[in-house]
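Undergrad: fold the stuff below for me.
(one chain, ligands or ions: 2)
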Amino acid sequence: MKITNAKVFVGGPGKNYVTLKIETDQGVYGLGDATLNNRETLPAAYLQDYLIPCLIGMDPRRSEDIWQFFYRGAYFRRGPIAMAAFGAIDMALWDIKGKLANMPLYQLFGGKSRDGALVYAHATGADLPDLMESIAHYVDAGYKAVRVQCGIPGMPSASYAVPETPGASKHYITDFSGIRPKIEIWDTDCYMRYMPGALAEIRERFGPDLKLLHDVHHRLTPREAAQFAKAVEPVNLFWLEDPTPAEDQTALKLIRQHSTTPIAIGEVFNSLHDCQHLIEQELIDFIRVAVTYAGGITHVKRIVELAGMHHIRTGFHGAPSHSPLCMAAQAHLNAWAPNFGIQEYLVLGTPECDALFPSDHQMQDGLFHVSDAPGLGVDFDEAQAARYSYAPGSHPVVRLQDGTLWNY
Ligand code: CS2
Ligand code: MG
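TA: Ligands and ions are numbered 1, 2, ... in the order given. This is a model prediction of the structure:
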């Protein structure tokens, strides 16, 4: 069996999805996602200029050897651009494998460990009353878990992932007004003084059963993060996410020394080596990698297995920028993984998105039910794709009040 062609499509309804389609001499094709948020053209170029010319003629069933060929053959290894490009190829080869076996991917991993996978939605508000309404909306819709982010009184402008005014649009990941990012101003003291109390009020209002998650989004120093994690222990969060930038993985020991609040890190990681220390030292409770950013199913499955040896559960990234293909790959891993935790799930199902990526995955009562169709269980409509093209966009850059460049 041989790969005969591979095509890359950039664009989508209000998104810059990077979709790879690999075709073979037996008519079976596979789909993969290389969407690296805010840098979409780069994995697309890596695929077009370097990887696809090598792919032609390879046997698509040799997905492990192909992964090793591109990873080791690059010489300069890892990095989000290369791993997103490999990730797309790997996803597409697994999709082909599932179609050849006439099985959904979760069967090839070892079968289901659960029928429905717990998901969490994004509740957000310009202020606490606005956030409370957003949380109530998701609770009424049947969600069992909600991420909560709210505007902070006195914050100059950069409360993460909140609308500017109550009830305003929730599009906070990418601003498509051009590649030059907006500048937002962050004040840690405002956040540290206000957010623990806000989280306590939310817990008081919604009771002990609702799973509450909160994303600090890399904004605190390790000491501040330890203080914050300790202050919110009584709230019994399902997880506190990205409390501090995790390049310095040993710094996270400080949080463990001061708090039992569960910690989730990993969405910015692109390889096992980025999180091996965190996992082996058991400094986190959930690993947040995304299949696209971390080299595809083959590599992420290794991360899941290592995490499982250290009592760490999965909490795959699922931001609004993610393609239905990445979410499908994660859904199959979620169905299989013995150490599954939760899946971030932003309702992907706009009519335009469903037309571009037809699938029969189901969401019901806060649980995601993966498709039983062979492979990923998602298709791609090239006629629909022709309607879209790349639109330059970026998320903000954050500064402190004195102008110091800070963490978005
Ligand atoms: C966020 C992301 O979903 C999350 O947990 O951290 O939406 C993040 O802000 C974006 O992926 C950045 O591009
Ligand atoms: Mg996050």
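Undergrad: every contact and neighbour count from this point should use C-alpha atoms.
TA: OK.
Undergrad: identify the residues contacting the worst-scoring helix or strand of the chain on mean pLDDT?
TA: The helix or strand of the chain with the lowest confidence, counting by mean pLDDT, DSSP states H and E, is strand 362-364 at a mean of 89. Where contact means CA atoms under 8 Å, 6 or more residues apart in numbering, the residues beyond strand 362-364 that reach it are 142, 368-371.
Undergrad: repeat that for 6 Å
TA: 368-369 (CA atoms under 6 Å, 6 or more residues apart in numbering).
Undergrad: how far does it sit from the chain's center?
TA: Chain-centre distance of strand 362-364: 19 Å, with CA atoms, centre = their mean, to the nearest Å.
Undergrad: give the buried residues for it.
TA: residue 363 (16 or more other CA atoms under 10 Å).
Undergrad: same deal with stretch 283-302?
TA: Judged by neighbour count (16+ other CA under 10 Å), stretch 283-302 contains these buried residues: 283-301.
Undergrad: which helix or strand contains whatever residue of the stretch 201-350 of the chain ends up closest to ligand 1?
TA: Residue nearest to ligand 1 within the stretch 201-350 of the chain: residue 319 (4.0 Å; CA to the nearest ligand atom). Counting by DSSP states H and E, no helix or strand carries residue 319.
Undergrad: okay, the nearest residue to it once chain neighbours are set aside: pLDDT?
TA: Sequence neighbours aside, residue 346 is the residue nearest to residue 319 in space, at 6.6 Å (criterion: CA to CA, 6 or more residues apart in numbering). Listed pLDDT for residue 346 reads 81.
Undergrad: swap in residue 158?
TA: Confidence score, pLDDT, at residue 158: 72.
Undergrad: so that it lines up with my notes, have the first residue be 38 from now on.
TA: With the count now opening at 38, the last piece we talked about shows up as residue 195.
Undergrad: tell me how far it lies from residue 438.
TA: Applying CA to CA, to the nearest Å, the value for residue 195 to residue 438 is 11 Å.
Undergrad: quick one: which of those two has more around it?
TA: residue 195 (21 against 15; other CA atoms under 10 Å).
Undergrad: was I right to think that one contacts residue 223?
TA: Yes. Between residue 195 and residue 223 there is a contact under CA atoms under 6 Å: 5.0 Å.
Undergrad: and the lengthiest helix in the chain, how far out from the chain's middle?
TA: What stands out as the longest helix in the chain, according to DSSP state H, is helix 117-138. Chain-centre distance of helix 117-138: 17 Å, with CA atoms, centre = their mean.
Undergrad: what does stretch 356-369 give?
TA: 8 Å.
Undergrad: now stretch 240-253
TA: With CA atoms, centre = their mean, you get 21 Å for stretch 240-253.
Undergrad: and what of stretch 378-392?
TA: Distance, centroid of stretch 378-392 to centroid of chain: 12 Å (CA atoms, centre = their mean).
Undergrad: residues of it that come out buried?
TA: Neighbour-count burial for stretch 378-392, counted by 16+ other CA under 10 Å, picks out 378-383, 385, 390-392.
Undergrad: return the subset of those lying in strands.
TA: Judged by DSSP state E, strands contain the following of the buried residues of stretch 378-392: 380-381.
Undergrad: let me know the secondary structure of the residue minimising distance to the centre of the chain.
TA: Nearest to the mean C-alpha position of the chain, by CA atoms, centre = their mean, lies residue 354 at 2.1 Å. Under DSSP: H, G, I helix; E, B strand; the rest coil, residue 354 falls in the coil class.
Undergrad: and the gap between the residue of the stretch 238-387 of the chain closest to ligand 1 and residue 165?
TA: Counting by CA to CA, the gap from residue 356 to residue 165 is 22 Å.
Undergrad: the more surrounded of those two?
TA: residue 165 (22 against 18).
Undergrad: dump the residue contacts of the more buried one.
TA: residue 187 are the contacts of residue 165 under CA under 6 Å, 6+ apart.
Undergrad: please redo it, this time with the cut-off set to 8 Å
TA: 187-188, 235.
Undergrad: closest to residue 111 out of these?
TA: Nearest to residue 111 among the contacts of residue 165: residue 187, at 42.6 Å, using CA to CA.
Undergrad: for the closest one, which non-adjacent residue is spatially closest?
TA: residue 162 (4.8 Å).
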